[in-house]
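Trainee: sharing a model prediction with you, sequence too.
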Amino acid sequence: ACGKGAGSNSSDFHIGMVTDQGGIDDKSFNQSAWEGIEKYGKDHDMKKGTDFKYIQSTSQSEFEPNLSKFVDADYDLTYGIGFYLEDAIQQMAEENPKSRFALVDSLLLDKNSKPVFLDNVVNITFREEQGSFLMGVIAAKQTKTNKVGFVGGANSPLIKKFENGFKAGVKAANPKVEVYSQYAGSFNEADKGSTIASAMYDKGADVIYTAAGGTGNGVFTEAKNRKKKGQDVWVIGVDRDQYQEGMPENVTLTSMVKRVDVATYDISKRTEKGNFPGGKEIVYGLKENAIGLSPTKKNLSKEELAAVDEWKKKISDGEVNVPKTDDEFASFSVK
Amino acid sequence: MDYIIEMLNIRKEFPGIVANDNITLQVKKGEVHALLGENGAGKSTLMNVLFGLYQPEKGQIKVKNQEVKITDPNVANRLGIGMVHQHFMLVQNFTVTENIILGSEPTKNGRLHTEHAAQKIEELSRQYGLSVDPYAKIEDISVGMQQRVEILKTLYRGAEILIFDEPTAALTPQEIEELTQIMKRLVQEGKSIILITHKLKEIMSICDRCTVIRKGVGIGTVTISETNSDELASLMVGREVQFKTKKEKARPGEAVLQIHHLVAEDARGVKAVNDLDLTVYGGEVLGIAGVDGNGQTELIEAITGLRKVKEGSILLNGRELSTLSTRKITELGVGHIPQDRHKHGLVLDYSIGENIGLQTYYKKPYAKWGLLNYKTLLKKAKELIVEFDVRTPSVNTPARALSGGNQQKAIIAREVDRSPDLLIAARPTRGLDVGAIEFIHSRLIQERDKGKAVLLVSLELDEVMNVSDRIAVMYEGKIVDVVNADETTEKELGLLMAGGKREGKGEVK
Amino acid sequence: MNIVEILAIIIPTALYSAAPLVFTALGGVFSERSGVVNIGLEGLMLFGAFTSITTTLLMQDSVGSVAPWLSIVIAGIVCALFAIIHAFASITLKADQVVSGVALNFLASGLSVFIIKQLFGKGQTDFITYRVDKIDVPVLSQIPVLGKWFFSSIPVTSYLAIILAFVCWYVLYKTPFGLRLRSVGEHPMAADTMGINVIKMRYIGVIVSGFFAGIGGAVYATSISGNFSATTIAGQGFLALAALIFGKWHPLGAMGAAIFFGLAQSLSITGAQIPVLQDIPSVYLRIAPYVLTILALTGFVGRAEGPKALGTSYEKGKR
Amino acid sequence: MRKLLKNNLFLTIIIPLLAVVLGLLAGAIIMLIGGYDSVLGYTSLFEGMIGSPKAFGETIRAMTPLVLAGIAVAFAYKTGLFNIGVEGQLLVGWLASVWVGYAFDLPKVIHLPLAILAAAAAGALWGFIPGLLKARFKVHEVIVTIMMNYIALYMTSAIIKANLYAGNEKSYNIKETASLASPYLQSITDYSRMHYGIVVALLMAGMMWFLLEKTTKGYELKAVGYNQNASQYAGMSVVKNMVLSMSISGAFAGLAGAMEGLGTFQNMTTLSAFTGTGFDGIAVALLGANHPLGIVLAAFLFGGLKSAAPEMNFVANVPSELVGIIIALIIFFVASSYFVRWLLSRFVKEDQE
Ligand SMILES: Nc1ncnc2c1ncn2[C@@H]1O[C@H](COP(=O)(O)OP(=O)(O)OP(=O)(O)O)[C@@H](O)[C@H]1O
Ligand SMILES: Nc1ncnc2c1ncn2[C@@H]1O[C@H](COP(=O)(O)OP(=O)(O)OP(=O)(O)O)[C@@H](O)[C@H]1O
Ligand SMILES: [Mg+2]
Ligand SMILES: [Mg+2]
């Protein structure tokens, strides 16, 4: 493969990124992660395509070779986006102690799936549950039927954080509100998304929070169809500001944004400055402004916003500890 | 002298063979013109040329003295040429009407106007004495009926000249009789007929003139009234032909096959073989005569284990077969020449060699520990191909590319070579030329003379009478009577086959 | 929730998600009835989805809400042309029909994403602004019970699909064209001797299948997914193929089978929302549609006898 | 030349080669149209296929399951059945191998073969069902196998979740004793993931050929494929042979799964979409003209192209999808070339005799 600085030597710092199967423009964390790297690149006039660059993985078996391309071209920092890359990163990191990696959304796990840390790997994780909690609060305030819904993609620990955070938020804001939640089983089945949404809306839910990637498209479709017919239903988007997806019927109440870009920018900066936080888990949450509300707030009422700020503070101050897992949620309560 | 059809110096080549080499055929209006030749002589090809399915490399075609180019069947139809193909050209799951109107459908504002067509078809079939139900599905009607549909197809298109390619090969004697009447009728109505057949008797009985082809070359045209079957035969094969298969008197031995109270059902669950008794002795040929559909097929399938035996017993040398698998039965010494060589007799995509091994491939010396020894298998096949003079380019030629005659010889080679105690031959000479027939009959006799029991099932009376020692007549699933071949007459058999009784003798159970 | 309400959820969603399958399966009927196997349905559907989304995105600013409808028609036409590849390879060049169908699938998925990247610089399109929406049929949707079941929140395309099935049935069984098409699939040589142009009929069959499959994909994209990416069409084409065989190569049968899938699907998905079924482990609900299909086939539908000449290329004078 | 044309073997070789060349040519044109540097594109593509020991190793790794998927399709095809269920059979095989590989503690000599056999058995079962339904109830194998694919997809994930879940949507890793991974092979291909699976794959390819061409069973299986009536007449059991054929085909597919589970990944992810290997298998079988040797070569080509696609994308920015397009075109050319073959064979007929 081509060595570093192929083309020009506008910089001696090189950042690589390997997407998971979602692809670079997944309207989600791959895209967001790249945006962060791009921004960092621009700010430090690095050259796209040589100084910072990405490879897309179209299949699980490509993760490792893709990472190794950056290793061979000895890039200074290589991001692996998404927990699916955990094995590959671990493998590559062990084989190439000199190269530095950043794994987004997961820790490295050992044989007995206990977390392990490697000095040349930084693990980037987010407090999705915190953001989801705020979405729950909003949903609880917004609903007129006292019924809201959650649609998840694959039923995994990661998505569970979204669900439990959301449920906790609802419970905190208004215990009387009932939450329907269902997992589609995959992130790319729009038809299932819309079928689930349709069922939930029919059962009276009027706000649905979706953390389901492409499956979520179906939820939006369903909501728009109903809005058109004058039904008062909402969707809460995820990862990025999904306001546009809601147009023209305007069904996006708000979105839980997960600023992977903030993280990638930050880690890149630290690494270039020479303090690469290897062997650590760096957690980004409300405090770091890496998790939070979408910029577009048109559809949110004064009091909803007020409530959000109030809870945000409580969470940041550690007054409230938002549950991640079903067990934590079971024992969750707010005074 | 005006001809309605003239095919002059036609040459048609297929990769490898010249199927028609400078053949001339001239048909007069209102005559029945026979086209005679061995299997593979080039008859079908010539007719396919006339019908526009093939384009000739050389030669000229005139219809009513007009030179014409027959580029496809449409043209042929327009010129009033219709063809009844050797292998029927009928869509099985369509109705009679649908088959007939296909390609020139009457419509009423875009919609198929079947009723109207059906009427026309009924009129036609009344006019020509073909009784056909326009609404019946092809798959539900008899072969004879199907053929009449083929005829109607041509008439419906107003054909003047009708080509019949081996129309009788698939028919029962009764059906053949009916067909003869139909042809006579057609000629009366002013149609002209070209008839391909291997059966000299038929030619003698209904044809006016006959053109003979040998190996793609035209031998000449003779007027029937001025010739006889022997002459025709030798013209066709190019040598003297033995008609009456010569054989000494049979020396029957032990009973080889004993059937008691056999009951077997057909696909529809009707008792096709109904309480049947039959005994075949070693060293004799027992012929089963009967109109098609009286349970012959089911009987054979029951004996060979291809059909479940409902009741009764089948003993081979005293050993019960009715519960055994086909393979076991074959191994116990039953040989079977099936009536449909393409459906049952051969794996058309296997080489002729592999086909000859179809019954023995798993046995020593061809197989050891499940391993197949192709060398010995093919070596054996080569020997048999020579012995039974199967005409094939090589032992590796796919069976599909062989003529029916040669395909049949291969099957017989396979079955006879195992020298089974009981050899069942079902319509073994279907569609074959006299040369092949002669050969096959003599092989059957040879087996008999080796002391084997031969069970011959045929719809052609003269075959049965000519080859068998005893003849059992089958009617509605029962053997109604058993007679000695040299003591009976066609008339008597015909009567029995129609369910009648023999005078002086009560119905045998 | 009582049964009436449950059905009011299941039936509309079933018809909603069945529509694309119905269109595609009907396409398959034409191709296979003419004797040409069409494994390529998946690819054709995918290419239809791709075409409709791209064209909608390009048109919607100018033509507004008719964009998706136009795009569906365009998708149909484009895929009809696309199908000619399959026709040419398998009919004219006598390529193995399965082979060329499979190749078509590869080509469709590769080409579509490749072009998307050319056009939009990314492997996944934006969402279309105007879609094919679910509607309540005026008046009819007011009928008690039935209105909620059959006439509420169902996109027009679902009704069109059902109507089309009947049209196809009429064309195939009541017109000369249909008779000829079927004859070519059953016994091409017989058809030939009756002066029917076998090659032409088969081309028509394949092209029509392309047209309908394209529409099927377009309907999926414009009414369900709303955008296009490599994974938008993942297996629906094969389901349509299954529906076509399940339906015994009969237009109404194929429609029935497709709707059966739809019902089983939406039952399995909404199941988690339905009191009784809630407690069943979700995996059983998820595999239910496929298990049911197999059982149905084994149980009562039984042997599916395809057109006799299906999969065989036609050569004059071949016995 | 004539002489050569007569030689069928020559045809069988030259025609696919021709198709490959044409396919690549077409690919180049598409690259040009797309405004990419086709020279750089192809150099990087070949770099990525066989340019370095590592690339080569990855190509071998990628081809291993394709060989098995290919012979699975071909085997069924040769016996008159169309198995588009390879995908599902592969998935259950993958799971079975991982499960056995994880759950037991045994010496390698037992553990590894056991895990491999488990995969074969699982795949065989997944092929047995459609085979049985086809033979007994005349249910079209195409539908059943399609349905079985989905059932496999959802059940494997569910089972992993329930019994083997190690977090991050994947199962526990298999024990060292069940692994096909080979430090040696890796070291000589400087740390590609090449593993001993290739040996299994090649053995199986040989096995298929042997089974079909050298044994009485093979003779029966093919006969039943060609003509059931005649097979019955010859005393073969149509039902048994059909079921057997689908089971064997399934077993091959299951082994393809084992290659992933015991070789490449050492575990299994809870998939939410098909891997596609099964469908690639159809392509491989067809390009390889259903002949084991052809299949191996075809698998090498496809495996290489697929594993090299990212390199092409990395160096020349050509979208990986181009590879898919090229593969499609190659298949078309091969398929159509049966026509060429047919033409030539006619010539040949002529000048014998
Ligand atoms: N479609 C074809 N392709 C190649 N060769 C053919 C084809 N049709 C016929 N032949 C060859 O032409 C020769 C004549 O065939 P044709 O069918 O005319 O014989 P036939 O007289 O009809 O024989 P039969 O009495 O068995 O019907 C045969 O030797 C055959 O090998
Ligand atoms: N496609 C073909 N290729 C090669 N030879 C053919 C082909 N079709 C027919 N033939 C040849 O034509 C000749 C006659 O064919 P035909 O269809 O008449 O079969 P047949 O010998 O009459 O047997 P049957 O009448 O029982 O089918 C045979 O020699 C056969 O080999
Ligand atoms: Mg003939
Ligand atoms: Mg004949």
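Mentor: Sure thing, it's come through. Note that the structure is a prediction, hence the values are computed from the model and not measured. Residues are numbered from 1 along each chain as shown, chains lettered A, B, ... in the order given. Ligands and ions are numbered 1, 2, ... in the order given.

Trainee: from here on, just use CA atoms for contacts and neighbour counts.
Mentor: Noted.

Trainee: and the pLDDT for the residue of chain B positioned farthest from its centre?
Mentor: Farthest-out residue of chain B from its mean C-alpha position, per Cα atoms, centre = their mean: B:N109, at 43.9 Å. Per-residue confidence (pLDDT) for B:N109: 85.

Trainee: C-terminal to the helix or strand A:V71 falls within, what's the next element?
Mentor: Take DSSP states H and E as the rule and A:V71 turns out to sit in helix A:63-72. The first helix or strand that comes after helix A:63-72 along the chain, using DSSP H and E, is strand A:77-81.

Trainee: list the helices and strands that following strand packs on?
Mentor: strand A:15-18, helix A:29-43, helix A:63-72, strand A:101-104 (3 or more Cα pairs under 8 Å, 6 or more residues apart in numbering or on different chains; DSSP states H and E).

Trainee: how about the strands in the stretch 51-200 of chain B?
Mentor: Applying DSSP state E, counting those that start in this stretch to the stretch 51-200 of chain B gives strands spanning B:58-63, B:66-68, B:81-84, B:107-108, B:111-112, B:161-165, B:192-196.

Trainee: chain C: which of the ones you listed is closest?
Mentor: Within the strands of the stretch 51-200 of chain B, the stretch nearest chain C is strand B:111-112; the backing value is 5.0 Å (Cα to the nearest Cα).

Trainee: contacting residues around the closest one?
Mentor: Strand B:111-112 has contacts (Cα atoms under 8 Å, 6 or more residues apart in numbering or on different chains) with B:105-106, C:174-176.

Trainee: so who does the closest residue to B:P252 other than its chain neighbours touch?
Mentor: Excluding the flanking residues, the one nearest B:P252 by Cα to Cα, 6 or more residues apart in numbering or on different chains is B:G283, at 4.7 Å. Counting by Cα under 8 Å, 6+ apart, B:G283 touches B:250-253, B:447-454.

Trainee: tell me which of the residues you listed fall in strands.
Mentor: Here DSSP state E is the test, and these give B:453-454 as lying in strands.

Trainee: among the contacts of B:G283, which ones are buried?
Mentor: Buried by 16 or more other Cα atoms under 10 Å in any protein chain shown: B:250, B:252, B:447-449, B:451-454, out of the contacts of B:G283.

Trainee: for chain A, what lies in contact range of chain D?
Mentor: For chain A, the residues in contact with chain D (Cα under 8 Å from any Cα of the partner chain) are A:1-2, A:55-57, A:59, A:61-62, A:66, A:69, A:83-84, A:106, A:111-113, A:154, A:156-157, A:185-187.

Trainee: got a quick ChimeraX command for the buried subset of those?
Mentor: Restricted to buried positions by 16+ other Cα under 10 Å, the ChimeraX selection for the residues of chain A next to chain D reads:
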select /A:1,2,55,56,57,61,62,66,69,83,84,106,113,154,156,185,186,187
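
Trainee: check the residues of chain A next to chain D one by one and keep those near ligand 2.
Mentor: The subset of the residues of chain A next to chain D within reach of ligand 2, by Cα under 6 Å from any ligand atom, is empty.

Trainee: where helices are concerned, which of the residues of chain A next to chain D count?
Mentor: A:66, A:69, A:157 (DSSP state H).

Trainee: of these, closest to chain B?
Mentor: Among those, A:N66 lies closest to chain B (Cα to the nearest Cα), at 47.7 Å.

Trainee: my guess is the closest one contacts A:I55. True?
Mentor: Yes - counting by Cα atoms under 8 Å, A:I55 is a contact partner of A:N66 at 6.6 Å.

Trainee: overlap in contacts of the two?
Mentor: Among the neighbours of A:N66, those also in contact with A:I55 (Cα under 8 Å, 6+ apart) are A:18, D:310.

Trainee: in the chain, which spans are helices?
Mentor: Picking chain A for this. For chain A, the helices defined by DSSP H occupy A:29-43, A:63-72, A:86-95, A:128-142, A:157-173, A:190-202, A:213-228, A:243-246, A:260-273, A:302-316, A:326-330.

Trainee: to clarify, I was referring to chain C.
Mentor: Along chain C, the segments classed as helices by DSSP H run C:3-33, C:41-63, C:67-87, C:97-120, C:146-150, C:156-174, C:176-186, C:188-193, C:198-220, C:236-246, C:251-270, C:275-278, C:282-296.

Trainee: of those helices, which is nearest D:G197?
Mentor: Each of the helices of chain C has some distance to D:G197 by Cα to Cα; the shortest is helix C:97-120, at 26.5 Å.

Trainee: list the buried residues in the closest one.
Mentor: If you call a residue buried by 16+ other Cα under 10 Å, then helix C:97-120 has these buried ones: C:97-117.

Trainee: tell me which strands and helices that helix is in contact with?
Mentor: helix C:41-63, helix C:67-87, helix D:277-287, helix D:321-350.

Trainee: can you read off the backbone torsions of the closest residue to ligand 2 within the stretch 251-400 of chain B?
Mentor: Closest contact between the stretch 251-400 of chain B and ligand 2, by Cα to the nearest ligand atom, is at B:R400 (7.3 Å). Main-chain dihedrals, B:R400, degrees, to the nearest 10: phi -50, psi -30.

Trainee: secondary structure class for the spatially closest residue to it that is not a sequence neighbour?
Mentor: Residue nearest to B:R400 in three dimensions, not counting chain neighbours: B:L348, with 4.6 Å by Cα to Cα, 6+ apart. Secondary structure, DSSP: H, G, I helix; E, B strand; the rest coil: B:L348 is coil.

Trainee: show me the shaky parts of chain C.
Mentor: Judged by pLDDT under 70, chain C has its weakly predicted residues at C:1, C:300-304, C:316-319.

Trainee: and the furthest pair within the buried ones among the contacts of B:G283?
Mentor: Farthest pair in the buried ones among the contacts of B:G283 (Cα to Cα) is B:P252 and B:E447. Separation: 12.5 Å.

Trainee: distance of the closest residue to A:S106 other than its chain neighbours from ligand 1?
Mentor: The shortest distance from A:S106 to any non-neighbouring residue, by Cα to Cα, 6+ apart, is to A:F83 (5.1 Å). Distance of A:F83 to ligand 1, given as Cα to the nearest ligand atom, to the nearest Å: 63 Å.

Trainee: contacting residues around A:F83?
Mentor: A:103-107, D:168.

Trainee: report the lowest-confidence entry in those residues.
Mentor: By pLDDT, D:N168 ranks lowest within the contacts of A:F83, coming in at 79.

Trainee: report the contact partners of that residue.
Mentor: Residues in contact with D:N168 (Cα under 8 Å, 6+ apart) are A:83-84, A:106, A:156-157.

Trainee: distance of the residue in the stretch 101-250 of chain C that ligand 1 sits nearest to from chain A?
Mentor: Nearest residue of the stretch 101-250 of chain C to ligand 1 (Cα to the nearest ligand atom) works out as C:M189 at 12.1 Å. Taking Cα to the nearest Cα, to the nearest Å as the measure, C:M189 falls 44 Å from chain A.
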